[in-house]
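Trainee: here are the coordinates; sequence isn't available:
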């Protein structure tokens, strides 16, 4: 895996004369590093705050937009409203200024990807849906507490940060309500295509130029529907028909996928998508309802002692592993972006249990990961070779059935698109070599491990995680210095 960060989409420049600001350009106390995005209002640069030494995102109005008083007022309005908001689930505004008569804002720089991208490449389990939606709803509730409406809430305006916490961004068309306003605002002079918002997420009243806190709650309902089904409620309708369906009195029909989620979650989505904004819950209510949804644990017939004692948890005991949800999600976000992540702690603190029962089952539930687990022992290169030989001959057989929890050394986590009935071997580049021959080859060229893991990922169409359990054995059990160095080179390069 490679390190990545959320970059707003780069669009074509409006004129041939347009050029991004050069790297190193000083904008007050900020030094621009590179262009990371461009939109209708201007450009977004990664920059460094030379006073505080932190990375920031500089959103700089384009020259064309800055010349339009109405656009400049919209930009200033976004800055004023965002400055009022301080919440862990909202991207923070650090400062405002002007650069050659062009307004800019300095924003918190968040590494990660948009929720839209996450939905596009990963199947989310119910637990993850609830966690993400609750974070977004908390951000919306915090804005509403300051009487700020977002009015353009959608997955592309939510960043899934690498600390596991979703952030609401882009208050570009937000507006302030009068204090204590719950009823719809006065009708504005705009209808149809002139209404503000993104059509698939716009509430019925929004099409008529009327909005309230319930408008954002409708968007939360659409977002929840998309998290569960992968699509918006009216995604199949073209623009004119979309308006007609949204503004009709007919209730929104939920996708068939909702039969597999808790009924309380389905009821919440229906409540958010009520056509009358007065009948929708508040954003605070949405947070409370999401936090109260109960996920029924898997019931298994077992004669095992439910009290683990000193024995580490395994993947099939995930339902009995509690209290590390935030840490598990943060680790998963790190795994997405960092090529190597170390889980460190004193002996016996529960590192193996945390990964086995807290992290791996979550990856399994999202269906886009294949996990290869090894325990080094005294001969780590032989262990790696044995695992690769097993992978080359058995992984394709596991593609014939859906993923499920496993208790052997290799946790199978395959995407639905990878299922087939073929039984061909995966070509990992070592032909018919024996374990001993492959171990010797890895000892000579430890960097070849990454090539072989990439071959597995390519064959399965998913990402591969190499989980080295009891990593300290490389230092405590391995007597051959050359083998120890080779193993470290193999997993660290």
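Mentor: That came in fine, so what should we check first? Source: prediction; values computed, not measured.

Trainee: before we move on, which element is the residue nearest to the spatial centre of the chain in?
Mentor: Ranked by distance to the mean C-alpha position of the chain (Cα atoms, centre = their mean), the top residue is residue 160 at 3.9 Å. Element membership of residue 160 [criterion: DSSP states H and E] is strand 158-161.

Trainee: show residues contacting that strand.
Mentor: 6, 91, 110-116, 118, 132, 136, 166-169, 223, 333 (Cβ atoms under 8 Å, 6 or more residues apart in numbering). Using the backbone N, CA and C atoms, a C-beta is placed for each residue, glycine as well.

Trainee: switch the cut-off to 7 Å
Mentor: 6, 110-115, 118, 136, 166-169, 333 (Cβ atoms under 7 Å, 6 or more residues apart in numbering).

Trainee: flag the shaky bits of this structure, pLDDT-wise.
Mentor: Along the chain, the parts satisfying pLDDT under 70 run over 1-17, 178-196, 296-324, 365-367, 393-433.

Trainee: in it, which spans are strands?
Mentor: All strands of the chain, identified by DSSP state E, fall at 26-27, 30-38, 42-49, 55-61, 93-99, 102-108, 112-114, 148-149, 158-161, 166-168, 175-176, 369-374, 463-468.

Trainee: domains of the chain?
Mentor: 26-108, 113-292, 315-492 (automatic domain parsing).

Trainee: export those domains to TSV and append columns for distance to residue 19.
Mentor: Converted to TSV, the domains of the chain look like this (distance: least, Cβ to Cβ, whole Å):
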stretch	distance to residue 19
domain 26-108	10
domain 113-292	24
domain 315-492	30
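
Trainee: nearest to residue 20, of these?
Mentor: Nearest of those to residue 20, taken as Cβ to Cβ: domain 26-108 at 4.2 Å.

Trainee: ends of the closest one, how far apart?
Mentor: Distance across domain 26-108, first residue to last, is 18 Å (Cα to Cα, to the nearest Å).

Trainee: how about stretch 168-177?
Mentor: Between the opening and closing residues of stretch 168-177 there is a gap of 19 Å (Cα to Cα).

Trainee: chain center to it, what's the gap?
Mentor: 22 Å (Cα atoms, centre = their mean, to the nearest Å).

Trainee: quick check: bridge partners of the residue nearest to residue 43 when sequence neighbours are not counted?
Mentor: Spatial nearest neighbour of residue 43, excluding adjacent residues (Cβ to Cβ, 6 or more residues apart in numbering): residue 60 at 5.2 Å. Bridge pairing for residue 60 (DSSP bridges) gives the partners residue 43, residue 104.

Trainee: follow-up on the earlier one: can I get the strands of the chain in a markdown table with distance to residue 249?
Mentor: As requested, these are exported to a markdown table (distance: least, Cβ to Cβ, whole Å):
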| stretch | distance to residue 249 |
| --- | --- |
| strand 26-27 | 51 |
| strand 30-38 | 40 |
| strand 42-49 | 41 |
| strand 55-61 | 41 |
| strand 93-99 | 40 |
| strand 102-108 | 41 |
| strand 112-114 | 33 |
| strand 148-149 | 24 |
| strand 158-161 | 30 |
| strand 166-168 | 30 |
| strand 175-176 | 27 |
| strand 369-374 | 44 |
| strand 463-468 | 45 |
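
Trainee: residue 83: which of the ones you listed is closest?
Mentor: The nearest among the strands of the chain, by Cβ to Cβ, is strand 93-99 at 5.0 Å.

Trainee: shouldn't residue 457 be in contact with residue 451?
Mentor: No: using Cβ atoms under 7 Å, residue 457 is not in contact with residue 451, being 10.8 Å away.

Trainee: neighbour-wise, which of these two wins?
Mentor: residue 457 (16 against 11; other Cβ atoms under 10 Å).

Trainee: contacting residues around that one?
Mentor: Residue 457 neighbours (Cβ under 7 Å, 6+ apart): 463-464.

Trainee: and it, how far from residue 260?
Mentor: Going from residue 457 to residue 260 by Cβ to Cβ, to the nearest Å gives 28 Å.

Trainee: likewise for residue 360?
Mentor: 22 Å.

Trainee: and the closest residue to residue 242 other than its chain neighbours, how many neighbours?
Mentor: Leaving aside its sequence neighbours, residue 242 sits nearest to residue 234 (Cβ to Cβ, 6+ apart; 5.3 Å). When neighbours are defined as other Cβ under 10 Å, residue 234 has 19 of them.

Trainee: hmm, residue 246 and residue 234 touching each other?
Mentor: Yes: taking Cβ under 7 Å as the definition, residue 234 is a contact partner of residue 246 at 6.3 Å.

Trainee: tell me which residues of the strand holding residue 160 are tucked away?
Mentor: Using 16 or more other Cβ atoms under 10 Å as the test for burial, strand 158-161 gives 158-161.

Trainee: of all those, which comes closest to residue 45?
Mentor: Relative to residue 45, the closest of the buried residues of strand 158-161 is residue 159; by Cβ to Cβ it sits at 16.6 Å.

Trainee: ok, now which ones touch residue 254?
Mentor: So residue 254 contacts 225, 266, 269-270 (Cβ under 7 Å, 6+ apart).

Trainee: cool, residue 88 as well?
Mentor: residue 165.

Trainee: all further residue positions should be reported with the first residue as 5.
Mentor: Renumbered: residue one is now 5, and that last one reads residue 92.

Trainee: how close does it get to residue 337?
Mentor: 14 Å.

Trainee: so what's residue 442 closest to, chain neighbours aside?
Mentor: Per Cβ to Cβ, 6+ apart, closest to residue 442 is residue 389, 3.9 Å.

Trainee: how far away is that neighbour from residue 377?
Mentor: Relative to residue 377, residue 389 is positioned 15 Å away (Cβ to Cβ).

Trainee: again with residue 118
Mentor: 31 Å.

Trainee: same question, residue 494
Mentor: For residue 494, the distance to residue 377 - Cβ to Cβ - is 15 Å.

Trainee: more crowded one of those two?
Mentor: Between residue 494 and residue 377, counted using other Cβ under 10 Å, residue 494 has the larger neighbour count: 22 against 19.

Trainee: the more buried one touches residue 452, doesn't it?
Mentor: No: using Cβ under 7 Å, residue 494 is not in contact with residue 452; the gap is 8.1 Å.

Trainee: overlap in contacts of the two?
Mentor: residue 446.

Trainee: ok, how many other residues are close to residue 475?
Mentor: Neighbour number of residue 475 under other Cβ under 10 Å is 19.

Trainee: contact partners for the residue lying closest to it once chain neighbours are set aside?
Mentor: Counting by Cβ to Cβ, 6+ apart, residue 380 is the residue found nearest to residue 475 once chain neighbours are left out, at 6.9 Å. Contacts for residue 380 (Cβ under 7 Å, 6+ apart) come out as 387, 472, 474-475, 477-478, 482, 491.

Trainee: out of those residues, which is most surrounded?
Mentor: That'd be residue 491 among the contacts of residue 380, by other Cβ under 10 Å, with 26 neighbours.
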